[in-house]
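**Q** The following block contains a protein sequence and its predicted model.
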Amino acid sequence: MQVSQLSDQVLIGQYLKGNERSFEELLKRHRQKIYTSIYLFTKDHALAEDIFQEVFIKIIDTLKKGKYNHEGKFVQWAMRISYNMCVDNFRKRKRRPTVNPTETFDIFDVIANPELNAEQEIIKSQTHKKIRKLVDALPAEQREVVILRHYADMSFKEISQLTRVSINTALGRMRYALINIRKMVEEREAIFQ
């Protein structure tokens with residue numbers, strides 16, 4: 001069986017027996033999801049890369065010390081580590097996460113529709129900017145759930161495990177986020193009428 005067909009648990013076992021290729025496969029398999037979630041919190045490529053490297057140093061260290069718990073999925077565990085490192089970083093810098101694009105990266109470029117014409121691209125870009133402003137205006141806990149659900153493509157179960165709240169709390173935060181976004185849209189429409 002090829003390395004790419006092995007489960008995360010088997011790859012971890014092989015890595016602990018000295019097979020470096022197994023860890024490379026784990027990294028390759030989950031790099032994009034973990035890096036993207038870090039970047040969405042930091043909005044800074046260099047900082048996201050630094051945190052990403054710290055995450056995998058911590059993962060390697062934990063695996064080699066035999067402290068990894070096989071009960072959960074590897075990627076959920078890795079996402080929890082990355083989330084905690086992002087939170088630690090924000091506490092150190094005392095700044096809040098925003099959902100703003102940079103000149104070099106926009107999450108919406110990853111999901112771009114190649115069949116849009118120029119006018120549709122402009123409308124889409126303006127819509128995405130408005131959505132990002134609305135999401136950025138949400139309270140921190142609601143913004144966090146929206147980012148993890150819609151930008152990092154995590155399930156509510158994964159979000160609840162990562163943020164250490166119940167699924168109902170995660171769902172409630174999403175519900176209130178949507179209610180707040182709807183209110184903000186209605187308020188803005190009322191102003192411009």
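**A** Structure received.

**Q** any weak-confidence spans in this protein?
**A** Within the chain, the stretches with pLDDT under 70 are 1, 70-72, 93-119, 121, 124, 190-193.

**Q** Please parse it into its domains.
**A** Domain assignment of the chain by automatic domain parsing yields the ranges 1-97, 104-193.

**Q** Any chance of TSV for those, columns mean neighbour count?
**A** C-betas here are computed from N, CA, C, even on glycine. Listed next are these as TSV, based on neighbours: other CB atoms under 10 Å:
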stretch	mean neighbour count
domain 1-97	15
domain 104-193	15
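
**Q** which element follows the strand or helix carrying Lys33 toward the C-terminus?
**A** According to DSSP states H and E, Lys33 maps onto helix 20-42. Per DSSP H and E, the first helix or strand lying C-terminal to helix 20-42 is helix 45-64.

**Q** ok and that next one relative to helix 20-42, angle-wise?
**A** Interaxial angle, helix 45-64 versus helix 20-42 (axes from the mean of the first three to the mean of the last three CA atoms, to 10 degrees): 140 degrees.

**Q** Can you work out which other helices and strands pack against the next helix or strand after helix 45-64?
**A** Going down the chain from helix 45-64, the next helix or strand is helix 74-93, by DSSP H and E. Contact here means 3 or more CB pairs under 8 Å, 6 or more residues apart in numbering; DSSP states H and E; on that basis helix 74-93 packs against helix 8-16, helix 20-42, helix 45-64, helix 156-163.

**Q** ok, 6 Å please
**A** helix 20-42, helix 45-64, helix 156-163 (3 or more CB pairs under 6 Å, 6 or more residues apart in numbering; DSSP states H and E).

**Q** now these as JSON lines including distance to Gly13?
**A** Conversion of those to JSON lines gives the following (distance: least, CB to CB, whole Å):
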{"stretch": "helix 20-42", "distance to Gly13": "8"}
{"stretch": "helix 45-64", "distance to Gly13": "10"}
{"stretch": "helix 156-163", "distance to Gly13": "23"}
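
**Q** Of the ones you listed, which is nearest Leu6?
**A** Of all these, it is helix 20-42 that lies closest to Leu6, at 7.3 Å by CB to CB.

**Q** now for the closest one, which elements pack on it?
**A** The criterion is 3+ CB pairs under 6 Å, 6+ apart, and the helices and strands that helix 20-42 contacts are helix 8-16, helix 45-64, helix 74-93.

**Q** tell me the angle of the helix holding Lys33 relative to helix 74-93?
**A** Calculated by the same axes, to 10 degrees, helix 20-42 forms an angle of 40 degrees with helix 74-93.
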